[in-house]
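J.: One predicted model, sequence on top.
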Amino acid sequence: MLPELIQKHNRLFAVTPKDAESAYRPLPETPLEQIFTYREYRRISSGQTFTWKGKCYMPKPAPGLPRWEPKSVVEVRVGILDGQVWLWEQGRAWACVETPAVETPPKMAPQKEARLAPPRKPGADHPWRKPFSSTYNVAQLRASRQEGSASSLSQASVGTFFGFLDANLKRTFPL
């Protein structure tokens with residue numbers, strides 16, 4: 001069926017050429033393996049290497065091999081048929097070889113820096129948070145002093161001191 005279709009197509013659309021010579025341009029001097037390639041741009045590292053698909057490559061030593069500046073961008077071509085890697089620079093192809101990747105030492109886990117503990121606040125039920133008059137029952141001390149049942153001098157002096165302090169606090173810090 002296909003040969004019949006081709007003959008019919010050629011009968012309907014065939015045109016005789018003006019020149020009998022080939023209309024194709026001649027092949028360039030560059031080998032076809034370097035033309036039919038995947039093309040990508042890569043950065044050159046300080047060791048004249050570059051990476052492609054997780055592997056590290058460098059140009060094979062050859063006479064006239066240029067030295068590239070680190071971080072310069074170059075064109076990398078990878079052959080479709082054979083997988084050969086080429087470094088392409090100013091119309092010249094430099095064959096590349098795979099090099100062993102430099103092993104980086106494992107990263108250490110970051111150590112926590114020693115810091116001072118934040119100052120602690122006393123809880124809501126801590127005596128420091130209670131007013132002075134509720135912590136020491138001043139009313140009981142006054143009552144015991146007025147009754148005259150102070151059993152010792154120290155208890156009487158304590159009651160007097162707290163009474164004085166309570167009166168001054170109320171005068172200084174009125175609520």
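T.: Structure received.
J.: What is the neighbour count of residue 52?
T.: Other residues lying near residue 52 total 15 when counted by other CB atoms under 10 Å. Bear in mind the C-beta positions are built from the backbone N, C-alpha and C, glycine included.
J.: Enumerate every residue touching it.
T.: Contact analysis of residue 52 by CB atoms under 8 Å, 6 or more residues apart in numbering lists 40, 42, 76, 78, 85.
J.: With neighbour count and pLDDT added, can I get the residues you listed in CSV?
T.: Formatted as CSV, the contacts of residue 52 follow (neighbours: other CB atoms under 10 Å; pLDDT from 0 to 100):
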residue, neighbour count, pLDDT
40, 13, 90
42, 16, 91
76, 19, 91
78, 17, 89
85, 22, 90
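J.: Low-confidence bits of the protein, can you list those?
T.: The chain contains residues with pLDDT under 70 at 101-102, 132-141, 144-145, 147-175.
J.: so where do the strands sit in it?
T.: 37-43, 50-52, 55-59, 73-79, 85-89, 92-99 (DSSP state E).
J.: hey, which of those is tucked in deepest?
T.: Most buried of the strands of the chain by mean neighbour count (mean count of other CB atoms under 10 Å) is strand 85-89; its value is a mean of 20.
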